[in-house]
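Peer 1: when you get a sec, could you give me coordinates for this:
(chains A, B, C and D)
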There are 4 protein chains.
Amino acid sequence: MSTNRKIRMGMVGGGQGAFIGAVHRIAAAIDQQIELVCGAFSTKPEICKATGEELHLPAERSYISFTEMMEKEAALPLGERMDFVVIVTPNHVHFSAAKAALEAGFHVLSDKPATLNHAEAVELKKIVEKTGLLYGLSYTYTGYPMVKQAKHMVANGDLGKIRKVIVEYPQGYLATKLEDTGMKQAEWRTDPKRSGVAGCIGDIGSHCENLAEYITGQEINELAADLTSFVDGRMLDDDGNILLRFGNGAKGILHASQISVGEENNLNIRVYGEKGGLEWHQKEPNTLIVKHIDQPDQLYRTGNSYICEAAANVTRTPAAHPEGYLEAFANIYLAFSQHVIDRLNGTEKANYDYSDIDAGIRGMAFIEASVKSSQANAAWTKL
Amino acid sequence: MSTNRKIRMGMVGGGQGAFIGAVHRIAAAIDQQIELVCGAFSTKPEICKATGEELHLPAERSYISFTEMMEKEAALPLGERMDFVVIVTPNHVHFSAAKAALEAGFHVLSDKPATLNHAEAVELKKIVEKTGLLYGLSYTYTGYPMVKQAKHMVANGDLGKIRKVIVEYPQGYLATKLEDTGMKQAEWRTDPKRSGVAGCIGDIGSHCENLAEYITGQEINELAADLTSFVDGRMLDDDGNILLRFGNGAKGILHASQISVGEENNLNIRVYGEKGGLEWHQKEPNTLIVKHIDQPDQLYRTGNSYICEAAANVTRTPAAHPEGYLEAFANIYLAFSQHVIDRLNGTEKANYDYSDIDAGIRGMAFIEASVKSSQANAAWTKL
Amino acid sequence: MSTNRKIRMGMVGGGQGAFIGAVHRIAAAIDQQIELVCGAFSTKPEICKATGEELHLPAERSYISFTEMMEKEAALPLGERMDFVVIVTPNHVHFSAAKAALEAGFHVLSDKPATLNHAEAVELKKIVEKTGLLYGLSYTYTGYPMVKQAKHMVANGDLGKIRKVIVEYPQGYLATKLEDTGMKQAEWRTDPKRSGVAGCIGDIGSHCENLAEYITGQEINELAADLTSFVDGRMLDDDGNILLRFGNGAKGILHASQISVGEENNLNIRVYGEKGGLEWHQKEPNTLIVKHIDQPDQLYRTGNSYICEAAANVTRTPAAHPEGYLEAFANIYLAFSQHVIDRLNGTEKANYDYSDIDAGIRGMAFIEASVKSSQANAAWTKL
Amino acid sequence: MSTNRKIRMGMVGGGQGAFIGAVHRIAAAIDQQIELVCGAFSTKPEICKATGEELHLPAERSYISFTEMMEKEAALPLGERMDFVVIVTPNHVHFSAAKAALEAGFHVLSDKPATLNHAEAVELKKIVEKTGLLYGLSYTYTGYPMVKQAKHMVANGDLGKIRKVIVEYPQGYLATKLEDTGMKQAEWRTDPKRSGVAGCIGDIGSHCENLAEYITGQEINELAADLTSFVDGRMLDDDGNILLRFGNGAKGILHASQISVGEENNLNIRVYGEKGGLEWHQKEPNTLIVKHIDQPDQLYRTGNSYICEAAANVTRTPAAHPEGYLEAFANIYLAFSQHVIDRLNGTEKANYDYSDIDAGIRGMAFIEASVKSSQANAAWTKL
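Peer 2: Purely as a prediction, here's the structure:
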């Protein structure tokens, strides 16, 4: 940046008691290029205030609504006002907060999924285009170095033409009716009003979709989904099994679950091409297993000299000390904030490695196609 | 056995150059209760003769056809003639050989799948019932001690009501057109005349079906299958992705592949119930991962004191030395030959732990339903 | 803190091109309670300046020596001046920088080992005691939640009396003469003037010693060490094999290596008591394997409800997303900065979970005993 | 064999209730080239008889002592009498049984260790040389295909000059005083009269020694051992930590334990050379991890086309189905019986891949050096 300063971030959501807001703040802090300068952390004024104090913000920049935040920040001079807004609310607020931020002139980094439904996402794209501002989505798992290595190897043709993709995300935390116990996360994620038409498939199935498309560079053309709500009285799906067909002729399986007892965040992907295969597990994210015809499997590991540039650039610990989820998350911030900096300095490049509104639209299309297919007894449904 | 002798086995198929015949002979030999006394190893007389010599058989008991074998063996006195026939030919011979053996008065242990198609399997059941003789199928993987432990824990209610099953069998050995290179295994397995209507799904998908039903004690009610032949010019499927619905309301996924480069025999199963989960990998078959709500995963291991009786009974190496595929295979022989012995001695029990003709019929129903579903664009199809 | 502000940190060392300084800055940033306010980053003024700019520091707080830093910061008012100094230089500077900081009235957090030799560490303890200020050491690996869980279980008697400890830290990065290629890290770490009497054993063997004593709560009484310098012309050991005897009668093995080709930072520890065992691998740091007599192994995982308080308190990602080295490092900062805050607020507790000068003295005693033992052909040597 | 028949085996020891005898019989049976024709299974006549019946032996070939067996078998014609004797008694009988067999004209395959002490082993070598007969030892773990692959890669120079070896064998089964509970195995193995001067180190430490020397082709020159008997009242060591120095300048660590709670037969070895490294775990014996400088680790797996001839020759299951301990054991029989066959046929080759009396002598030297070193407070002791 020609003017040597940190990028300034304002946050919508993430008040005391929330989960993902704190994760975003850590991710933003890790590389010390971003400063949290203001927030509208909650719909409850007392939580806004308490959160702001805990975060060492000046009282006047703890706003009680995102509307107030956009208005007052926009009135501050550049370099003092926030440079971008991060949105970490439940899904139903994503659209309105993003719209408000963009229309007030602020770049937006939003938690995924982009919006509550597909129509909102399409509408949001128009706003992004109209304002010409930056819009990013925190599909966290694409931030892992070994996911970038996987994408690189597919793009480089190391696997040959892709034939098969298996992507899965089992969790077990909703195996019982947790939403009745007062657990906030479980409450809104199982509530159609705040979560959207899908539960498990919207929350974590969409990560599978994004990860598979990111690594393979192929789009899912159609799917056949069998979604289930196993826990009595639950309003949204807590499990989904999906057949996939990709644009290039590849086939695949996507399954996600929140009732798979004992599973934590067991996101995995396997990709097979004509010449080779790849396997990656979030549980041990610093290893990428690379498979060959008639040659031994290889274990690619972060932090080694043979790793591709895209992965090496987002590795902070030389010599292969394990990095984790927070660093993957920070890598989203790294890419997005670099874009903001380059925009400020007039030095923009053609590409930045974060998910944009098009990925957001695809995510919503995936979610809606899954629900529609399942309602039609797993009929093939186009995205 | 009141008359203290080994059980006598005759073999159909398994001549020099074959694969699974040698595996069967090792499996039969391991526990030293079975003696190979004769064979009709090939359709080629010279291979019959050479194989018999290599196996130290007397020349007069190396037959040139199973017809000859049944006839001549039946003429020998009990205790000298074979007690049972094992059939290790390509699929298209299974039915006729089994029929001939049963009708000549011999018990039959057959390699899976039971027959070339479902109609033959149904017909075979009638013959089994009519003759009153024993009929077993070598679904090898159910022979593993930890698979028996898994079955035990489900039956015991340790997992609660079963909700989800994921079973998969990726291989990579047919990623290229191996059948054009003269490789015998690849040749007949990709030939509809000898293999049946399915390739990959018949060969290894059927193991998934059998394993899932064996462990869960639930039947697959219907399925939606997307089968593919990825390699140009291949006549049968080399990959399949299948959605499952079980009788008790459980859902599942079954996928099998022979084009997943780098995969060997990576058969895996995961089962989740309301209270717990199980995970087993053939690659490391002596470990069963047991999952709980809010408790650490446990690693059950063969050869330990806490293992269930069914698993302990088929473990040969105290103190947890690794057992493998051949011991799992031997466990099928152990159960079947014990049944033969008890029949001979008039001490039959109610149950023996090997797959019977009903399992064979289910296997053929699964294969045909998969093909039919796939031809109807993955329409739900009853078994 | 009664006055709601971040704790202010000054850094000695860590200029552009250094390794561990950047890691410290990330670790300090993660929890957003610490602010870097000044630094003396290098012995080269131009690097001091450039680093300060890169880190967005005001020019007047980029000092050209730690002497200048102590003097000028001490002149600033409390709340503006730095609250503590972190020392991230090569080993030979640790003592003089820590001494200067303490005598200028600043708390100190130092990279390990504490000093260049044992005598300096003993001297440093006197200074710490005289000044009454806080002194901490960044033995990073004790920051991992599962290491804290291990310590908790031993202290709680879950393993019974400890009998055996195996701790190992193989690396491979010095398998060739890297110090001749201009690689800065390799240079100073193989130079006795800057590294001390030991190479590998001082650098990573000392982590083994610290980890083993931290988890078991037992001190190593004596050791028999066989140190080797395998690479021709290398001035310090690059490999060491050591027999251990602990105060309570436990025996053990410690080995560390920098010539174990292909190993990254493969720090592992296994502890066995009369009733149970523990196993932890830094490569997969979120899992602790717990072993029992005649019961299955259990896999304890970070972020779950059954984890002890000490581990839960330093876990940032609920639901068991993987945390890594940087979070472990941040946990040292978390404990130390909490101590600084509590000191400021007059609310000090009896214990804080970071390594102090006594651990530093033990580390130096271990290093010197290892070298002495090895020079005496692995004679038993007391610490 | 020009005369097409199975090789005939007589067994000393292995009566009902014994452990390793049954394992030997399975191992001998697997490849169907060996026939058990007689035995002297116990010192108790009634157990001799019962065991013979259970094994379907004719009553007249169930002998009541090995003396009787040698005498009566020697009187039978070649081709009817046994071809070799396998000795599966506790250690204190190994020498006298082997001596009797050799002097009666029979080849010998013995369970390890060769004898009760080093002097007996040296004496036995003289008898072997005098008789000119074959003598083999069942060091089981060298039978694993991936161990042979490891040996091949070291011999081939793939790792460069060997620098470091870590070999370990932790068990937990003697963590309590099992020998007081009537458990036969535990009884004799902790009894100096039957086991020899060492317990754990003789039983499993000697496997480590053999494995390390087999793979590296280097001899241990000297060692420093710290042996312990942790369980009160136990007469022999149940744990040992040993520093190693090899002939070529390599250093190493060997530790074995029978009080490491929760460990089964966790034999592992890691070997590092100037250019590469190897890692093998008996728990997952079909994988060999191969390490490189600045290249990803590779996973070599049994049954693949890239495996060396020595490993491929002892793999029975194409396509990488898991083989285990019994197959490894069978590979010892495979090599030894091939030698017997070739001797019978006059077609002996220069080398056969099984451990001979020289390996037996080294094993006894290792055991005695370990005990002597430990008694001298871990003084360096030559083998």
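Peer 1: excluding its backbone neighbours, what's nearest A:F329?
Peer 2: Nearest-residue entry for A:F329: A:A27, 3.7 Å, with adjacent residues in sequence omitted and distances by CB to CB, 6 or more residues apart in numbering or on different chains. C-beta: built from backbone N, CA, C; applies to glycine.
Peer 1: try A:A256
Peer 2: For A:A256, ignoring the flanking residues on the chain, the nearest one in space by CB to CB, 6+ apart is A:G205 at 4.0 Å.
Peer 1: OK, contacts around the one you found?
Peer 2: Contacts of A:G205 were listed using CB atoms under 8 Å, 6 or more residues apart in numbering or on different chains, and they are A:Y169, A:A198, A:G240, A:I242, A:L254, A:A256, A:F366, A:I367, A:S370.
Peer 1: picking that back up, surely the residue nearest to A:F329 meets A:Y333?
Peer 2: Yes. Assessed by CB atoms under 8 Å, A:A27 is found in contact with A:Y333 at 5.1 Å.
Peer 1: quick one, longest helix in chain A?
Peer 2: Secondary structure of chain A per DSSP state H: the longest helix is helix A:325-345.
Peer 1: chain center to it, what's the gap?
Peer 2: Distance of helix A:325-345 from the chain centroid (CA atoms, centre = their mean, to the nearest Å) equals 13 Å.
Peer 1: the following helix or strand past that helix and chain B in contact?
Peer 2: Once the chain leaves helix A:325-345, the next helix or strand it forms, by DSSP states H and E, is helix A:357-375. No. Where contact is defined by CB under 8 Å from any CB of the partner chain, no part of helix A:357-375 touches chain B; the two come within 10.6 Å at best.
Peer 1: quick one: helix A:357-375 to chain centroid distance?
Peer 2: The chain centre lies 15 Å from the centre of helix A:357-375; the measure is CA atoms, centre = their mean.
Peer 1: now swap in stretch A:257-265 and tell me
Peer 2: The chain centroid and the centroid of stretch A:257-265 are separated by 19 Å under CA atoms, centre = their mean.
Peer 1: alpha carbons only: can I get it in PDB?
Peer 2: Extracted in PDB, the C-alpha atoms of stretch A:257-265 (Å, rounded to 0.1, in the frame of the first residue of the first chain):
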ATOM      1  CA  SER A 257     -24.500 -35.300   7.700                       C
ATOM      2  CA  GLN A 258     -25.000 -33.800  11.100                       C
ATOM      3  CA  ILE A 259     -26.200 -37.000  12.700                       C
ATOM      4  CA  SER A 260     -23.100 -39.100  12.100                       C
ATOM      5  CA  VAL A 261     -22.300 -39.700  15.700                       C
ATOM      6  CA  GLY A 262     -18.700 -39.200  16.700                       C
ATOM      7  CA  GLU A 263     -17.800 -37.300  13.600                       C
ATOM      8  CA  GLU A 264     -16.400 -33.800  14.200                       C
ATOM      9  CA  ASN A 265     -15.700 -31.800  11.000                       C
END
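Peer 1: list the contacts of it.
Peer 2: A:169-175, A:199-200, A:203-204, A:230-231, A:238-240, A:266, A:282-283, A:325, B:159, B:163-164, B:270, B:272-277, B:291-293, B:297, C:301, C:303-304, C:319-321.
Peer 1: kindly recompute the last result at 6 Å.
Peer 2: Judged by CB atoms under 6 Å, 6 or more residues apart in numbering or on different chains, the contacts made with stretch A:257-265 from elsewhere in the structure are A:170-172, A:174-175, A:200, A:230, A:238-239, B:163, B:272, B:276-277, B:291-293, B:297, C:320-321.
Peer 1: filter these to the buried ones?
Peer 2: Buried subset of the contacts of stretch A:257-265 (neighbour count, 16 or more other CB atoms under 10 Å in any protein chain shown): A:170-172, A:174-175, A:200, A:230, A:238-239, B:163, B:272, B:276-277, B:291-293, B:297, C:320-321.
Peer 1: in the worst-scoring helix or strand of chain A on mean pLDDT, what counts as buried?
Peer 2: When the helices and strands of chain A are scored by mean pLDDT, DSSP states H and E, helix A:184-189 comes last with a mean of 87. Residues of helix A:184-189 classed as buried under the neighbour-count rule (16+ other CB under 10 Å) are A:Q185, A:A186, A:E187, A:R189.
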